[in-house]
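J.: Next come a sequence and a model predicted from it.
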2 protein chains.
Amino acid sequence: MQSAVAELEKKGKAAKAASRKLAHLPTEVKNNALLSIAQSLSLREGEILEANRLDCDEAKASGMGEAMLDRLLLTSSRLQAMAQDVSTVASFPDPVGESFDARVLPNGLHLSRRRVPLGVIGVIYESRPNVTVDISTLCLKSGNAVILRGGKEALRSNGALVRVIKDAIKEAGVPEDVVQFIESTERALVNEMLKMKDAIDLIIPRGGEGLVALVTENAVMPVLASGVGVCHTYVDSSADLDKAVAIAYNAKVQRPTVCNALDCLLVHSDIAERFLPMVAGEWAKAGVEMHCDQRALGILSSNFKVAPASDADWGKEFLALIAAIKVVDSLDEALEHIARYGSGHSEAIITEDYSAAMRFLDEVDAACVYANASTRFTDGGQFGLGAEVGISTQKFHARGPMGLRELTTYKWVIMGSGQVRA
Amino acid sequence: MQSAVAELEKKGKAAKAASRKLAHLPTEVKNNALLSIAQSLSLREGEILEANRLDCDEAKASGMGEAMLDRLLLTSSRLQAMAQDVSTVASFPDPVGESFDARVLPNGLHLSRRRVPLGVIGVIYESRPNVTVDISTLCLKSGNAVILRGGKEALRSNGALVRVIKDAIKEAGVPEDVVQFIESTERALVNEMLKMKDAIDLIIPRGGEGLVALVTENAVMPVLASGVGVCHTYVDSSADLDKAVAIAYNAKVQRPTVCNALDCLLVHSDIAERFLPMVAGEWAKAGVEMHCDQRALGILSSNFKVAPASDADWGKEFLALIAAIKVVDSLDEALEHIARYGSGHSEAIITEDYSAAMRFLDEVDAACVYANASTRFTDGGQFGLGAEVGISTQKFHARGPMGLRELTTYKWVIMGSGQVRA
């Protein structure tokens, strides 16, 4: 363990030193390094797939489940897709160097803020080896060095990917030390990493709730965590019911396993008798399991296979074709339900009433608030941010979809001609 | 202790509920509440000074030192100054409601980011009772509820100030629950507070390094900490030496006890023989104690009372009329020294060489980088931010001088007409 800690500290120092060089590399050099990675992922496919095969064999032998195995597995076509994503990152604008709030002060000082990289980003992640490529390339583009700590199951796959990345960027003139990979799988090393505030400027946990909680509670440096999405769609008494059906269907069915999918449908009592059978008809066809409160149950149970909701259904992120349904008597009741059970991710109102829409958009405290649209739009690509680093449900630094810009900070640049303070 | 924790949780819930109302109050209501506080600080001076007298008597009896006693003391004129500051906060623009990055996406969705309050801000501070008024009013203006945990020595003074603030804002139509004050002085309560991430969105420590470290290491919510300032001024070989003397004098002497004052002067060897006696002459007149490296000592010791620098002088924040002096042979050596010993606060180069200035501004990693100006300008007021909340040496969320805007976050507002994701 002692030698693993010493090794970690050495990697921290190397990353910090390399980050200072990376911060000043021209965009073109960084983009060439990205294209070189994309190319190498194809050229060295054999080496990567062989390492992955060993990981997968070991995982199978130790009884890993099918879903987890699938997350661990790399294939030729998956590598192609990863290479494609890396090329796309190369095509995005470079956030570093952007200048803003520039002005000349009355005393003649030229003041501006300039966007610069954060420095070194630590990433702790679980079984998916594609995170190794994904996060390394986002960090590279935004000028940050990265220290990677992947899952034990993917050690050989991650190791092979890191070798490919390091060779590729070195060839393109980027110091290979900007990517550091922790080989030791000692669990206690994570806690050491969370204390290294001199070497790591930001820590990103990518994985389940347990990992996120561990990092949030123990890290002494800032944490960028993607939170859970418990998303409500409220259908107001004045909603255009056809639009409401289309939106509720899209929000629940189009991709039910992601954080911005609908979890709970709130329906105003004035239109519940008419609207609930409409949406339940469509949802039933798609195989959506409906967990209803008493009133919704009363309306739907004669014609649809629905279940009564339990207390645990409110505020639950289903990540599956399941929706909770509740009838409310007013916009206020909907707002209260969302304030109590929402996770601050994405919330929507469907209404043709202007004032109701305005109140909802004003009063709901969430990263993304919608009127008359599907919560599925909460996404860096959809919002035009280019690459998506994650979706934040924290309020500090970044909220909602995070792009490359959210991996940077700024510095104040002041140019004078001898000014002193009076 | 159990009842104190229960009381704390109750205050946390009350603050959260009140913050939802405060977030939507018009600017005028908030400003009227601020003016009402300013007025009440004068009207109820007797009650406040009496409470402060009891605190001061007790502090004296328990042997508190003069400097600490002076920090604790309130007087009629200090209250007037506080009232004036509160009125000034009322005059600043309201950061809440600002809309930015607004655009219509190709699919017709109207997308924008809207600035909103963070919610509830926890503040843990030491003896100065003016922080109670200062931070409450900054939070009020930025739409945030606040939970205050002041020092034991100032308990009665803070209690009186909070009573005055609560009465004043209530009268102006702001829920008094937006300001919560913790009366219990149990030390363990601070640790409880640092765990309350459902009730507190941001925690601000205001005090010494020990307090800041305690909060940074133990808080599970984001922390906004003002860091120490170890500030360098590098006088390049091509500097205008008269400007350099004026700037070094201002940076060290104008207000030596603050974080943006000069701590270390780096001088290029080409001009050291000429420049060092010039600046030492001025500094000596002002009583500046000079801790010199070997070469500077060689130049200055025959004509000035100077001391040899010890290792501890590099990277030290003096907060006094003391400066470390080092002769370097190149810009690179200066940059290395700053990278090693700087605290990422404010760093300056004095030079007439364009490329040297550009390199310094590009390569130094600090909140504020200067060419040809005094580091004393690092200040929210000087930068035109209005109120100053503190100066951040972190890179996350805010860097350098923080204004009211840095006490807010944003939400994404999306207005559609039935859009679903393909």
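T.: That came through fine. Only a predicted model underlies this, so the values are computations on that prediction, with no experimental measurement involved.

J.: and the stretch 101-250 of chain A, which residues reach chain B?
T.: Proximity of the stretch 101-250 of chain A to chain B is assessed by C-beta under 8 Å from any C-beta of the partner chain, with A:103, A:105, A:109, A:111, A:116, A:118-119, A:201-202, A:216-217, A:220, A:222, A:240, A:243, A:246-247, A:249-250 identified as the residues in range. C-beta: built from backbone N, CA, C; applies to glycine.

J.: Mind checking which of those land in helices?
T.: Assignment to helices by DSSP state H places the following of those there: A:216-217, A:243, A:246-247, A:249-250.

J.: Just the buried subset of the residues of the stretch 101-250 of chain A next to chain B, please.
T.: With burial judged by 16 or more other C-beta atoms under 10 Å in any protein chain shown, the buried subset of these is A:109, A:111, A:116, A:118-119, A:201-202, A:216, A:220, A:222, A:240, A:243, A:246-247, A:249-250.

J.: Looking at chain A, which helix is longest?
T.: Across chain A, the longest stretch assigned as helix under DSSP H is helix A:2-22.

J.: Now do that helix, average pLDDT.
T.: Here the mean pLDDT over helix A:2-22 is 94, rounded to a whole number.

J.: beta partners of the residue in the stretch 251-400 of chain A that chain B sits nearest to?
T.: Evaluated by C-beta to the nearest C-beta, the stretch 251-400 of chain A has A:A373 as its residue closest to chain B, separated by 3.0 Å. When bridges are taken as DSSP bridges, the partners of A:A373 come out as B:Q419.

J.: one step back: which member of the buried ones among the residues of the stretch 101-250 of chain A next to chain B is positioned nearest A:S269?
T.: Within these, proximity to A:S269 (C-beta to C-beta) peaks at A:D240, which comes in at 17.9 Å.

J.: show me what contacts the closest one?
T.: Counting by C-beta atoms under 8 Å, 6 or more residues apart in numbering or on different chains, A:D240 touches A:350, A:352, A:372, B:418.

J.: distance of it from A:F275?
T.: To A:F275, A:D240 is 11 Å away according to C-beta to C-beta, to the nearest Å.

J.: now A:V328
T.: Using C-beta to C-beta, we find A:V328 at a distance of 13 Å from A:F275.

J.: now A:T393
T.: The gap separating A:T393 from A:F275 is 29 Å, by C-beta to C-beta.

J.: just checking, A:E352 is part of a helix?
T.: No. Per DSSP: H, G, I helix; E, B strand; the rest coil, A:E352 lies outside any helix segment and is coil.

J.: Excluding chain neighbours, what is closest to it?
T.: A:S238 (4.8 Å; C-beta to C-beta, 6 or more residues apart in numbering or on different chains).

J.: so what's the residue of the stretch 251-400 of chain A closest to chain B up against?
T.: Taking C-beta under 8 Å, 6+ apart as the definition of contact, the neighbours of A:A373 are A:247, A:348, B:109, B:414-420.

J.: and it, how far is that from B:A38?
T.: Noted for A:A373: a distance of 45 Å to B:A38, by C-beta to C-beta.

J.: now do A:Q80
T.: For A:Q80, the distance to B:A38 - C-beta to C-beta - is 66 Å.

J.: Overlap in contacts, A:V328 and A:F275.
T.: Counting by C-beta under 8 Å, 6+ apart, the common neighbours of A:V328 and A:F275 are A:V267.

J.: show me the contacts for A:V164.
T.: A:37, A:40-41, A:44, A:47-48.

J.: and the helix or strand hosting it, how far from the chain's centre?
T.: Using DSSP states H and E, the secondary-structure element containing A:V164 is helix A:155-171. Per C-alpha atoms, centre = their mean, to the nearest Å, the displacement of helix A:155-171 from the mean C-alpha position of its chain is 23 Å.

J.: And for stretch A:71-89?
T.: Mean-position distance between stretch A:71-89 and its chain equals 18 Å (C-alpha atoms, centre = their mean).

J.: Dump the C-alpha coordinates for it into CSV.
T.: Taking C-alpha atoms only, stretch A:71-89 is exported to CSV below (Å, rounded to 0.1, in the frame of the first residue of the first chain):
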residue,chain,number,x,y,z
ARG,A,71,-20.9,-2.9,-20.2
LEU,A,72,-17.4,-4.3,-20.0
LEU,A,73,-17.2,-5.7,-23.5
LEU,A,74,-15.4,-4.0,-26.3
THR,A,75,-15.9,-4.9,-29.9
SER,A,76,-14.5,-3.7,-33.2
SER,A,77,-17.7,-1.7,-33.9
ARG,A,78,-17.6,-0.2,-30.4
LEU,A,79,-14.0,0.9,-30.9
GLN,A,80,-15.0,2.4,-34.2
ALA,A,81,-17.8,4.4,-32.5
MET,A,82,-15.3,5.5,-29.8
ALA,A,83,-12.9,6.7,-32.5
GLN,A,84,-15.7,8.6,-34.2
ASP,A,85,-16.6,10.3,-30.9
VAL,A,86,-13.0,11.3,-30.4
SER,A,87,-12.9,12.9,-33.9
THR,A,88,-16.1,14.8,-33.1
VAL,A,89,-14.4,16.2,-29.9
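
J.: Touching, A:L35 and A:A90? I think so.
T.: Yes. With contact defined as C-beta atoms under 8 Å, A:L35 reaches A:A90; the gap is 5.4 Å.

J.: Around A:G208, how many other residues sit close by?
T.: The local packing count at A:G208 equals 10, with neighbours defined by other C-beta atoms under 10 Å in any protein chain shown.
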